[in-house]
Structure formats: C-alpha cells, structure tokens
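Chemist: Can you look at this prediction? I've put the sequence above it.
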Amino acid sequence: MRPLYLRLFLRIINRNRDVYILKIATLAIAFTCAIVITLFVVNEFGYDRFHNNADSVFRILQRNNSEEFSGNRNSNQIPENVVTSARSLFRDSVIISPVKVLGGLEVSGGGKTWRGETLHAASPSIADIFTFNLADGSWANFTTDPPSIILSTSASQKYLGIVSSAGRTLKVCSIGDTIQFKVAAVFNDFPANSHEGFDAIISFGNATIRSLKFDPSVSGVYGRVKQNNVGHFQKMMNKYLGHQNTSYALQPLPEIYFGPRVIGEDARHGDAYSIYLLVCITLLILFLAITGFVNLTTITVPHRSKELAIKKIAGMNQIGLLSAFAKESFVIVSLSLAIATIAIMLLKEWILPILSIDIARSFGTAHLYALLAIGLLVIVFVLSPLFFTAKFARASPNRLLSSEAISFPRFKRIVAFLQLGISLFLIVASLVIRRQVNYSLVKEPGQNHDQVVYLDYPHHLSISLTGLRSALKMNSANIIDVIAMSQLPHAINSKEINTDFYFIKVDPEFKDFFDLKMVDGNWFKANDGDSIIVVNETARQLLGPEITRVIGTFADIGEQFTLPEKPLKIFRSNHFEYNFLCIRLLEVDVRRTVSGLSNYFANNGKPATIRFLNSRFEQWLIYQDRLNHLSEIMAIISALLACFGIYGLCVSIVREKIKEIAVHKLYGASAGNITFLLVKEFALQLAIAIMVFGPVTYLVMQEMLRSFIYRTHFVWLDPFIPLFYCVAVITLICNVQANRLNQTDLTSSLKA
C-alpha cells in the first residue's frame with residue numbers, strides 16, 4: 001500500500017512542479033538564514049562564556065568624573081597602588097591579578113625570530129581567574145624568578161615548533177634588552193570568541209617589565225569574586241578607594257565584548273544592536289516562509305479532493321488523513337533542511353570572512369539551545385499546514401466530490417496583506433538602518449570620540465600645510481586638526497647612528513595634536529631654529545648632563561600605543577621631510593569623512609589609501625560594515641521570499657478565477673487585459689498594507705532613531721523604493737501568468 005501512496009504523491013508533485021519547487025526553495029532559504037544566524041548569535045553572545053563561572057570574573061575600570069574632563073572617561077589603566085590596596089583590603093573575598101599588554105616585542109625561539117609580537121604580563125593568580133586547561137607543564141613553575149612564560153598550544157607550535165614545550169626557553173627582545181623566559185606550561189587555545197588574545201603570558205615582575213621598556217606602575221586588572229557578587233565588591237571598592245573625581249566600575253567578563261570601548265584596552269568589541277536587527281530580520285523571514293509554505297499548501301490540496309474522498313470511502317479516518325499530510329510535510333521540510341545544510345557548507349568560505357565563524361566547526365560544537373531552536377523550527381514548519389488540511393480531513397466525501405472546491409479566500413487575503421506589508425517594512429528599515437549605522441551608533445551623551453587617520457603625505461598638492469589644515473577644516477565640520485611628520489608615532493624606526501636614540505621630525509602642532517604632557521621646559525616656538533630638540537623622559541634620563549640643545553621634556557607616550565618606550569628626540573621639520581599626514585576627526589559619520597578625504601587626496605584619479613592609527617577601531621568599523629552588509633542581504637532575501645509569496649498568491653488567484661478568466665479570453669481578452677484583472681486582485685491588499693504598515697514603519701523607525709545621540713533622518717523617498725519594487729513584482733508575475741494562460745486552451749475549465 002505504501003508504494004501506491006508514494007507513486008500517488010510523486011504524481012501530485014509532478015502535476016504541481018512549480019508549486020512544490022517554490023515550497024522547497026522557500027523553506028531552504030529560510031532554514032539557511034535561520035541556521036547561519038542562530039550559530040552566529042550563539043557565538044557572539046557566548047563571548048568569554050567558556051570560563052568557569054564567567055559572571056564572577058570582572059575587570060576593573062577607572063572612571064574620571066571631573067567636570068572639566070573631555071573624552072572617554074573610562075580607562076582600564078589602574079595604578080599599582082590601587083591594585084595593592086584592593087588586594088590587601090579584600091583578600092578574603094576576591095582574587096586580583098594585574099594584566100598588562102606588551103606590544104611591539106621581538107620573540108626568538110626554535111631558531112626563528114618574530115617582530116612586532118604582543119605578549120601579556122600577569123601574576124600567577126591569573127590561573128584562579130580565567131580557566132586554563134593545561135596541555136603540558138605546571139602552574140607551579142610560573143614564577144618571576146627566574147622569569148617564566150605560559151603559552152597557548154598554537155603559540156607554542158608557532159614559536160617552538162611543538163606543543164609540549166614546557167621547560168624550553170624563549171628570548172624576548174625590546175630596544176636592545178633581551179630577557180630569556182622559561183616555558184612553565186602550555187594551555188589549550190581559548191575559543192575564538194574570547195575578547196582578548198591571551199596566547200602568551202609572562203610572569204608579572206616590575207624589573208622584567210621595566211627591562212622590556214614598559215611602565216609596571218599602571219596596568220589592566222582582572223579579578224574573580226569568591227563571595228557575594230561583583231556589584232557588592234564594586235560598592236566596597238568605591239567606598240574605600242574612590243574619591244571625588246575618580247570612581248571604579250567592575251565590568252563582568254561576559255559584558256566586555258558588547259561593552260563600551262575603554263582607554264588602554266586591546267579588546268575585541270561587538271555590536272549588539274546590529275545582531276538584534278539580524279535576529280528580527282530572521283524572524284520576519286521565517287514568518288514569510290511559514291505563511292508562504294502554508295499558502296502554497298492550500299493551492300495544491302483542493303486539487304486532491306477526489307483522492308481524499310476516495311480514501312474516506314475506503315475507510316480512512318481523519319487521523320489517518322492528517323497523518324498522511326504530516327508525513328508529506330515532513331518529507332518536504334526534511335528535503336529543504338538537507339538542501340539548506342548543503343548550501344551552508346558550500347557557502348562556508350564566503351560566510352567565514354563576514355561572520356568570522358567556522359560554520360563546519362560551529363555545527364560540530366553547536367550549543368544545545370541552538371540545536372533545540374533548529375529542532376523547534378522544523379516541528380513548526382511540519383505542523384504549520386495541518387491547520388488548513390484539517391478542514392479537508394473533516395469534510396464528507398460528498399463535500400469533497402462537489403463541484404465547489406474548498407478554498408481559503410480570507411486567509412489568502414491576509415497572507416497577501418502581511419507579505420506585502422512586511423516586505424515594505426524590511427526594505428524601508430534596511431535603507432534607514434544602513435544610513436544610521438554608517439552615520440553613528442553612539443547612544444550615550446558625550447561619547448562623540450575622535451580618531452586619528454593617516455596617509456602618505458600628498459606632495460602632489462601645491463598648497464602649504466597651513467593652507468591644507470584650514471581647507472580641510474572648512475570642508476568638513478568633523479575634521480578637528482591636521483599635522484604632518486616624518487614617521488608615525490606608533491612606528492618610529494629612525495635611529496641615530498652609534499647611539500640608542502630614536503628621532504622623529506614633526507610640524508609644531510604635534511604636541512597639541514597628540515596631547516603631549518610637558519614635564520619640563522617648553523615646546524617649539526614660532527622662531528625656534530632647526531638645531532634644538534624636545535625629548536621624552538626616557539631620552540632625558542639617557543642623555544644625562546648633555547642637554548645643551550634640549551629645550552623641553554615631555555611624558556613618555558609608548559603606553560598610548562602599548563609599545564616599548566623608546567628614547568625619543570623630536571626635531572622641527574621642513575615640509576620636504578614630511579612622509580605622513582595625520583588627521584584627527586570625529587567618529588560621527590566617520591565613513592563619509594574618510595571617503596571624502598580619500599577622494600580629496602586622490603592622485604591621478606586614484607583615491608588615497610587612508611588607515612586608522614587605532615587598528616582596533618578600524619576592525620570594529622569593518623565588523624559593523626559586514627553586519628550591515630549581511631542585514632542588507634537578508635532584507636533582499638526577505639524581498640525574494642515575498643516575491644515567491646506573490647507568485648503563489650497569483651497562482652492561487654488564477655486557479656480560483658479560472659472560469660472568469662476563461663470567459664474573458666473567450667470574448668477576446670488579451671494578455672494585457674488578463675494581467676490587469678490579476679493585478680487588480682492585489683491592489684486592495686497592497687493598499688491595506690500601505691495604510692497599516694506605512695504608519696507602523698514610520699513610528700518604528702522614528703523610535704529607533706530617537707535612541708541615538710547622533711542620528712540620521714527618515715527620508716520620505718525611502719518608502720517609494722519598496723513600493724515600486726512590490727508593484728513591479730506584482731505586475732511582472734501577473735504578466736507571466738497571463739501570457740501562460742493566453743497560450744493555454746481554457747475550454748475545459750468551463751465544464752462542470
């Protein structure tokens with residue numbers, strides 16, 4: 001009997017190929033979007049969750065509460081005395097470890113050398129704060145005397161060529177000084193969704209850190225509470241260690257990734273706002289897929305009335321009929337899920353650079369909640385058509401064999417209204433959200449920070465630096481200042497021959513541009529000669545009494561860039577010695593500002609290459625752009641599903657009005673007349689969708705934009721794009737159906 005049912009089912013599919021292909025395509029697209037976004041969301045909200053009791057781990061932030069202060073008030077650079085006091089006061093309730101980022105180092109091991117490497121320095125208590133799964137060695141060997149280092153398995157493989165490298169040595173060099181570290185232990189790599197890359201950690205010792213040319217008196221601080229909670233410890237810390245202009249905040253570890261950017265950190269940051277948008281778009285896509293799937297099912301079932309009547313006469317009950325429908329639905333859904341899985345695997349190389357997740361690995365390590373969500377989605381899709389097929393299962397054989405087919409005109413009108421309305425909403429929202437993301441995502445007052453970008457000095461411009469500075473400020477209100485120099489402050493490599501001093505040549509605005517703090521003496525003045533210099537504190541100590549040419553000393557700046565402090569001399573520069581141009585600009589509308597600068601400095605029609613001094617901010621912008629691009633793709637997918645839905649509705653209208661269309665054709669109606677007849681059926685639903693979803697879209701967009709401090713505006717041209725799209729799709733699909741009907745003999749449809 002089962003082979004008979006299978007042959008019958010295949011025959012039904014063959015008679016309605018376009019409808020079933022549309023069903024499978026709709027569900028496959030929906031499954032693809034849902035699976036990819038589910039894995040991505042689980043990965044994003046799982047940042048740092050792999051540590052044991054992650055909510056009890058925190059980092060300390062110092063907040064500047066002075067009314068005169070301007071800029072980012074939060075810093076993770078905590079003074080050493082605060083760390084010592086906190087350890088002493090709260091030793092019974094918390095575990096604390098300083099963690100300092102050491103960049104720009106040279107690491108040698110296994111006969112090879114790597115330059116520009118970044119290490120971390122931490123005390124042994126870091127093992128009680130983060131979760132390290134050791135693959136080799138022991139934490140007992142992690143000491144400051146002799147200095148030791150712990151490596152991740154990937155770092156051990158990179159530097160020493162093996163994973164089990166405990167007991168071996170690495171050399172770390174910084175501006176002439178070399179320290180040998182013994183590998184105390186090797187731990188398994190942290191998952192990719194860790195906010196900071198802890199791949200190599202040296203033992204935190206003041207002498208060691210000073211030898212590497214860093215300042216141990218300030219560092220980041222991580223901790224873990226033993227009792228109570230993080231909030232209670234924060235209150236106690238502010239009570240005993242805070243004062244009028246300084247307070248402390250304890251940021252739980254899982255909140256760092258989506259938290260605000262902080263001075264002195266080297267952390268990855270995500271954008272929860274864009275992720276919530278992706279989730280909302282995905283839910284709307286699933287809704288469009290479900291309604292489209294159900295609507296397409298209601299198209300095919302009426303043509304099976306005779307089959308159902310015969311089954312009823314043969315003795316099959318309602319449960320048996322519904323069970324058969326459920327099996328058919330399960331087959332279609334399973335096939336769609338399989339196609340979606342194959343499509344995801346084929347697209348994994350395209351997905352990886354956008355979402356930064358390995359889809360194949362994510363499938364293998366999928367979170368239980370993600371699997372449950374996908375399983376629940378399959379069940380919903382399987383069961384969704386049964387509500388309408390139940391009407392056929394309950395009908396008597398006489399009703400099923402009558403000339404009047406069972407139809408769902410009200411449901412189809414509602415589906416048409418919802419699919420058109422949601423398509424309009426998603427396309428408008430995509431346009432507005434893109435503008436807002438490109439403009440600004442700042443929601444906190446006073447958070448309009450600035451960034452520094454740089455490019456090769458445009459020697460092809462005839463304008464002087466002073467004139468260029470004035471011209472750029474006049475052209476854009478987002479440009480704060482412009483300076484030129486021979487080398488970038490985070491990449492000073494020029495060194496005096498036979499000395500330990502490095503030097504850089506700058507224009508006189510350099511001090512104010514980078515907010516240098518003068519410790520002694522003065523900065524360059526207008527009439528100063530070329531022979532005088534300004535030095536940093538490190539250079540001043542190295543010079544000793546030889547300071548005849550030195551007119552001033554400024555505070556070391558290496559900490560700003562997490563780099564070793566070099567003994568630095570600064571000279572005034574002539575314009576022909578400039579190699580780089582640095583521009584400080586506001587983060588608001590930063591993409592448009594950078595694009596404008598790139599075109600302004602174009603040479604021979606080729607736009608200038610502009611980079612950010614803060615590479616983490618540049619990565620964050622790229623991350624936002626990728627999510628924004630993904631949101632646009634998903635909005636396009638939703639519009640495509642709406643197109644599928646319109647096609648299904650058009651087929652449904654044709655089948656319901658086949659006799660009326662046949663009569664029109666009999667009296668000489670052309671394809672254009674039939675197209676107009678079909679389009680007219682959609683006109684009312686489109687008008688209702690505009691009247692209902694138009695105000696809803698406007699109110700939702702206005703409310704969304706109101707949450708931003710720097711916001712774009714709702715443009716009235718936005719609704720016309722999706723409206724034109726819907727009208728064009730409806731007209732095109734109706735025209736295709738009309739041409740098909742015009743070439744078909746409809747005489748048989750007038751019988752009965």
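Modeler: Cool, got the structure.
Chemist: Where does residue 227 sit: helix, strand or coil?
Modeler: Look at residue 227: counting by DSSP: H, G, I helix; E, B strand; the rest coil, its state is coil.
Chemist: what about it, neighbour count?
Modeler: 11 (other CB atoms under 10 Å). Quick note: C-beta positions are derived from backbone N, CA and C, even for glycine.
Chemist: Leaving out the residues flanking it, which one is nearest to it?
Modeler: Across the structure, with CB to CB, 6 or more residues apart in numbering as the measure, the residue nearest residue 227 apart from its sequence neighbours is residue 93 (5.0 Å).
Chemist: ok, residue 58 - contacts?
Modeler: For residue 58, the contact set (CB atoms under 8 Å, 6 or more residues apart in numbering) comprises 222-225, 230, 233, 250-253.
Chemist: and with 6 Å instead?
Modeler: With contact set as CB atoms under 6 Å, 6 or more residues apart in numbering, residue 58 has these partners: 223, 230, 250-252.
Chemist: Sort out which one of those lies nearest residue 712 for me.
Modeler: residue 251 (30.1 Å; CB to CB).
Chemist: mind checking the longest helix of this protein?
Modeler: Ordering each helix of the chain by length in residues (DSSP state H) puts helix 615-656 first.
Chemist: Quick one: name whatever helix or strand follows it.
Modeler: Moving toward the C-terminus from helix 615-656, the first helix or strand encountered (DSSP states H and E) is helix 658-666.
Chemist: Can you give me the buried ones in that following helix?
Modeler: Residues of helix 658-666 classed as buried: 658, 661-662, 664-665 (neighbour count, 16 or more other CB atoms under 10 Å).
Chemist: Summarise which helices and strands the host helix or strand of residue 452 is packed against.
Modeler: Secondary structure from DSSP H and E places residue 452 in strand 450-456. Using 3 or more CB pairs under 6 Å, 6 or more residues apart in numbering; DSSP states H and E as the contact criterion, the secondary-structure elements in contact with strand 450-456 are strand 580-586.
Chemist: mind saving the C-alpha coords of the strand it packs on as CSV?
Modeler: Output for strand 580-586, consisting of C-alpha atoms alone and laid out as CSV, is shown next (Å, rounded to 0.1, in the frame of the first residue of the first chain):
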residue,chain,number,x,y,z
PHE,A,580,52.9,61.2,6.6
LEU,A,581,49.8,63.3,7.1
CYS,A,582,47.7,62.6,10.3
ILE,A,583,44.1,63.9,10.6
ARG,A,584,42.1,63.8,13.8
LEU,A,585,38.4,63.5,13.1
LEU,A,586,35.1,62.8,14.9
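Chemist: Not counting its own residues, what contacts that strand?
Modeler: Outside strand 580-586, the residues that reach it (CB under 6 Å, 6+ apart) are 448, 450, 452-455, 457, 478-485, 488, 593.
Chemist: from the middle of its chain, how far away would it be?
Modeler: Remark: strand 580-586 is offset 26 Å from the chain centroid, using CA atoms, centre = their mean, to the nearest Å.
Chemist: I'd like the average pLDDT over the next helix or strand after it.
Modeler: Under the assignment DSSP H and E, the closest C-terminal helix or strand after strand 580-586 is helix 590-600. For helix 590-600, mean pLDDT is 92.
Chemist: do stretch 234-241 as well
Modeler: Averaged across stretch 234-241, pLDDT comes to 86.
Chemist: still on that earlier bit, columns pLDDT and distance to residue 554 on top of the buried residues of helix 658-666, output as JSON lines?
Modeler: Formatted as JSON lines, the buried residues of helix 658-666 follow (pLDDT from 0 to 100; distance: CB to CB, whole Å):
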{"residue": "658", "pLDDT": "74", "distance to residue 554": "86"}
{"residue": "661", "pLDDT": "76", "distance to residue 554": "85"}
{"residue": "662", "pLDDT": "76", "distance to residue 554": "90"}
{"residue": "664", "pLDDT": "75", "distance to residue 554": "87"}
{"residue": "665", "pLDDT": "74", "distance to residue 554": "88"}
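Chemist: Nearest to residue 703 among these?
Modeler: Checking the buried residues of helix 658-666 against residue 703 with CB to CB, the nearest one is residue 661 at 44.9 Å.
Chemist: Let's see the pLDDT reported for the residue lying closest to residue 176 once chain neighbours are set aside.
Modeler: What sits nearest to residue 176 in space, not counting adjacent residues and going by CB to CB, 6+ apart, is residue 500, at 6.5 Å. Here, the pLDDT recorded for residue 500 equals 87.
Chemist: And for residue 186?
Modeler: Per-residue pLDDT puts residue 186 at 96.
Chemist: quick one: secondary structure of it?
Modeler: Secondary structure of residue 186, reduced to three states by three-state DSSP: strand.
Chemist: got the contact list for it?
Modeler: With contacts defined as CB under 6 Å, 6+ apart, the neighbours of residue 186 are 135-137, 151, 153, 156, 165.
Chemist: one more time with 8 Å
Modeler: With contacts defined as CB under 8 Å, 6+ apart, the neighbours of residue 186 are 134-137, 150-153, 156, 163-166.
Chemist: quick one: what helix or strand has residue 172 in it?
Modeler: Mapping residue 172 onto the secondary structure by DSSP H and E places it in strand 169-174.
Chemist: Which elements pack onto that strand?
Modeler: Helices and strands in packing contact with strand 169-174 are listed as strand 94-109, strand 177-187; criterion 3 or more CB pairs under 8 Å, 6 or more residues apart in numbering; DSSP states H and E.
Chemist: quick one on the thing from earlier: list the buried residues of the strand holding residue 452.
Modeler: Those buried within strand 450-456 under the rule 16+ other CB under 10 Å are 450-455.
Chemist: Dump those residues into a markdown table; add distance to residue 542 as well.
Modeler: Conversion of the buried residues of strand 450-456 to a markdown table gives the following (distance: CB to CB, whole Å):
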| residue | distance to residue 542 |
| --- | --- |
| 450 | 33 |
| 451 | 33 |
| 452 | 28 |
| 453 | 32 |
| 454 | 28 |
| 455 | 33 |
